[in-house]
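Sequence first, predicted model second:
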Amino acid sequence: MQNSEVLQKIKNKFPDIVVEELPNALVIPKKALLDIARFLKNDMSFENCHCVTAVDRKDKLELVYHLYSTADHFMLTLKTMVPLDDLTVETVSLLWRSADWLEREVFDLFGIKFLGHPDLRRIMNPDEWTDFPLRKDFKSANLIVRPQSQGLKG
Amino acid sequence: MGELLTVNMGPQHPSTHGVLYLELKMDGEIVVDCKPHLGYLHRSIEKIAENRTYTQFIPYTDRLDYLASMNNNLCYCMAVEKLLNVPVTDRAQYLRVIIAELNRAISHLVAIGTFAQDLGAYATPLFYAFRDREKIMDLFDSICGARLTYNYMRIGGVSADIPVGTEQLIKDFIAYERKMLIEYNELLTYNVIFLARSKKIGILSKEVAANYSVSGPILRASGVKWDLRKEEPYLVYDKFDFDVPVGTNGDSWDRYKVKLDEIEQSLRIIEQAIGGIPEGNPVSKVNRVFRGTGEVYLRTENPRGELGFYLVAEGGFMPYRCKIRSPSFSNLSVLPELIKGLNISDAVCVLGSLDIVMGEIDR
């Protein structure tokens, strides 16, 4: 199975949703996430939500889902962009229970709120903390950025 | 139903395998609800990764699953190699397989020993397991100079070739461990008390396991024949002949038995690999500092399940983002589902059979 195959099936099912194809990922609009996720799970055998994470792109947050299909031996990378002025996304934890804790981790480290999540609390850091440590603008005195050096040539 | 009592199990508790805090709602002896609290070992390794060069981050991966440091090293190095298209010599690939399988064997030994201890078989099985583990730790000490945090794998190979005579030591260990596996079977596997404590306790069905993204021996104990080394072979695993042990019921005893059987399969892989190590140089000739672009998600079969590294590189000397998908994290998330309705002593049994390492859960 290829990304393009999945893309074609999504296009057939949801003709009016714009899906962008990257070399190794599909980018879907945030609003359509839950519909597409439900379609991928129920109709396309992506029964394993392997990993949910986010990447801080400075002007927006990129939410990354790795969905695995055991039957096709295929790992799909699904991305959606979350703008900084609206850090909310629909949860997929009711489809894949594994996303429950993984979404809590994303909430803890990036501050993305998952709407409809059954138990959205910080998972690693203290509940009363207000920072989101994996954002690029998070600065801590303990975190010393090493100067970029060429080091030793091997 | 009487009044519910809240019992705080952990963070300091001998059977939580690290600093895990379970908030249990009890009705008498029965667990009604369980809320795990994580984070006592949180060091934000993912943030540290963004501030270290690719090579500098290798020692940090040792501290994830500290019982299987070699396997963590391996997964991270393979992810960087895939990102940057670094070639690996044949000899390094064979050495990696042997070392990773040895580490898998001793990691399962700890799992078995601590599981037996959780069930009340104090000291003896644990000491037996640690006695065997000691031999491999001494071997790793001679290979890389450390007993627990090895930092042996390098991007493009390994840090040093194995010392002269290591092959014979490994062969001796295989012969020794085979005898010991018989002993474990006699001592534990079909022991009446052991069976009574672990059979039909904490049954995990295939469907629930898939939904929670459970992997590794826990998944196989539920009857799913899924092993990345077979299904999507990496390194040179496709050259070796080995079986994938599966359980039938998905209970705590199956999870124990699958691990015990996997030790034998690991020994089989090592036995085949040790005879065919090609000549050559396993030490990489890669620059210590380099840039990369692109992104990669790579998984390997760790002793506890599928470890995944998601690396995003934006052209700098350091990764832009490094997400570690740890197997224990997903395996632990199924715990509340498993222990509802069980006795508190059985909850300890289930937790022990899940074989978690908090280092890679909290990261």
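Everything's here; your move. Residues are numbered from 1 along each chain as shown, chains lettered A, B, ... in the order given.

Look up how far B:Ala105 lies from B:Met180.
11 Å (Cβ to Cβ, to the nearest Å). C-beta coordinates here come from the backbone N, C-alpha and C atoms, glycine included.

residues in contact with B:Met358?
B:Met358 makes contact with B:17-20, B:38, B:40-41, B:328, according to Cβ atoms under 8 Å, 6 or more residues apart in numbering or on different chains.

pLDDT at B:Pro327, what is it?
pLDDT recorded at B:Pro327 is 91.

now do A:Ile144
What the model reports as pLDDT for A:Ile144 is 54.

How about B:Val296?
As predicted, B:Val296 sits at a pLDDT of 90.

What is the neighbour count of the residue lying closest to it once chain neighbours are set aside?
Of all residues not flanking B:Val296 in the chain, B:Leu83 sits nearest, at 4.5 Å (Cβ to Cβ, 6 or more residues apart in numbering or on different chains). By other Cβ atoms under 10 Å in any protein chain shown, 21 other residues sit near B:Leu83.

buried sites along whichever strand or helix holds B:Val7?
According to DSSP states H and E, B:Val7 maps onto strand B:5-9. Neighbour-count burial for strand B:5-9, counted by 16 or more other Cβ atoms under 10 Å in any protein chain shown, picks out B:Met9.

contacting residues around that strand?
When contacts are defined by Cβ under 8 Å, 6+ apart, strand B:5-9 is touched by residues B:16, B:21-27, B:344.

again, 10 Å this time
Contact with strand B:5-9 is made by B:15-16, B:20-28, B:31-37, B:344, B:347-348, B:351, as judged by Cβ atoms under 10 Å, 6 or more residues apart in numbering or on different chains.

what residues are shared contacts of B:Met180 and B:Ala105?
Taking Cβ under 10 Å, 6+ apart as the contact rule, B:Met180 and B:Ala105 both touch B:132, B:173, B:263.

restrict the contacts of B:Met358 to contacts with chain A.
Filtering the contacts of B:Met358 for proximity to chain A (criterion: Cβ under 10 Å from any Cβ of the partner chain) leaves B:38, B:40-41.

Which of the residues you listed are buried, as a ChimeraX select command?
For the buried members of these, the matching ChimeraX selection, counting by 16+ other Cβ under 10 Å, is:
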select /B:38,40,41
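
In strands only, show me the ones next to chain A among the contacts of B:Met358.
Among the ones next to chain A among the contacts of B:Met358, no member falls in strands (criterion: DSSP state E).

quick check, nearest of the ones next to chain A among the contacts of B:Met358 to chain A?
Closest approach to chain A among those (Cβ to the nearest Cβ): B:Leu38, at 5.7 Å.

Next, the contact list for that closest one, please.
Residues counted as contacts of B:Leu38 (Cβ under 10 Å, 6+ apart) are A:101, A:104-105, A:108, A:122-124, B:11, B:19-21, B:329, B:332-333, B:358, B:361-363.

do the same with B:Glu177
Taking Cβ under 10 Å, 6+ apart, we find B:Glu177 in contact with B:102, B:105-106, B:109, B:132, B:135-136, B:184, B:263-264, B:266-267, B:270.

want to throw the shared contacts of B:Met180 and B:Ala105 into JSON lines with distance to chain A, neighbour count and secondary structure?
Formatted as JSON lines, these follow (distance: Cβ to the nearest Cβ, whole Å; neighbours: other Cβ atoms under 10 Å in any protein chain shown; DSSP: H, G, I helix; E, B strand; the rest coil):
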{"residue": "B:Asp132", "distance to chain A": "33", "neighbour count": "23", "secondary structure": "helix"}
{"residue": "B:Phe173", "distance to chain A": "34", "neighbour count": "20", "secondary structure": "helix"}
{"residue": "B:Ile263", "distance to chain A": "26", "neighbour count": "25", "secondary structure": "helix"}
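
Contact partners for B:Arg147?
With contact taken as Cβ under 10 Å, 6+ apart, B:Arg147 is in contact with B:69, B:134, B:136-138, B:140-141.
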